[in-house]
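return a 3D structure for these sequence lines:
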Amino acid sequence: MKTKAKFAIGAGIIVVTLSCLAWVGAEQSKTYYHTISEIPTLNGTALHQRFRVGGDVKAGSIQHYSGRIDFVLVEQGKVLPVSYVGTDPRPDTFKDGAKCLVEGNVQPDGRFVAETVQAKCASKYEAAPPGQAQQAPAASDAYANGKS
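Numbers count the residues shown, from 1 in each chain. Okay, here's the model as predicted:
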């Protein structure tokens, strides 16, 4: 066999292999967003796919266990029990009433098993009332005072 033919076959195998790996990786990394009220309507493969759900952490629902944290998400009167089993540390803003986005799978018993949790405290990010906005010091003032 000629060397050009061997090279073409080898290059073709590499391209096909990389294309297959890229396709499989893209399929596995797809994450859809659903609301809590949409979850009961999911069926078939949609129910077993990885997806994201957002809501507010219900006050008093956070419970720490060995290897997981259980809590309840609330959205428009609907509730979703969640078990966080991820290895990442819990966000500092994860507390009662925080806006929370979880990513994972729903289990047959209706519990959502999350592998990632993102949280923010709504009160920290609210706009200041008009007329009470804090003014940052001008850059020239900061350098004049020895701050950098």
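
ok, which stretches of this protein are helices?
3-29, 45-48, 139-144 (DSSP state H).

and the contacts of the second one?
Contacting residues not belonging to helix 45-48 are listed as 32, 105-106 [C-beta atoms under 8 Å, 6 or more residues apart in numbering]. No exception for glycine: its C-beta is placed from N, CA and C like everyone else's.

can you list the helices of the chain in TSV and add mean neighbour count and mean pLDDT?
Converted to TSV, those look like this (neighbours: other C-beta atoms under 10 Å; pLDDT from 0 to 100):
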stretch	mean neighbour count	mean pLDDT
helix 3-29	10	87
helix 45-48	12	70
helix 139-144	10	48
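
Gln63 is nearest to which of these?
helix 45-48 (25.5 Å; C-beta to C-beta).

off-centre distance for the closest one?
18 Å (C-alpha atoms, centre = their mean, to the nearest Å).

cool, and stretch 26-39?
The answer for stretch 26-39 is 11 Å, by C-alpha atoms, centre = their mean.

rewinding a little: for the helices of the chain, which one sits closest to Pro91?
Smallest distance to Pro91 across the helices of the chain (C-beta to C-beta): 21.7 Å, for helix 3-29.

report the helix or strand with the lowest average pLDDT across the protein.
Least confident helix or strand, the chain: helix 139-144 with a mean of 48, by mean pLDDT, DSSP states H and E.
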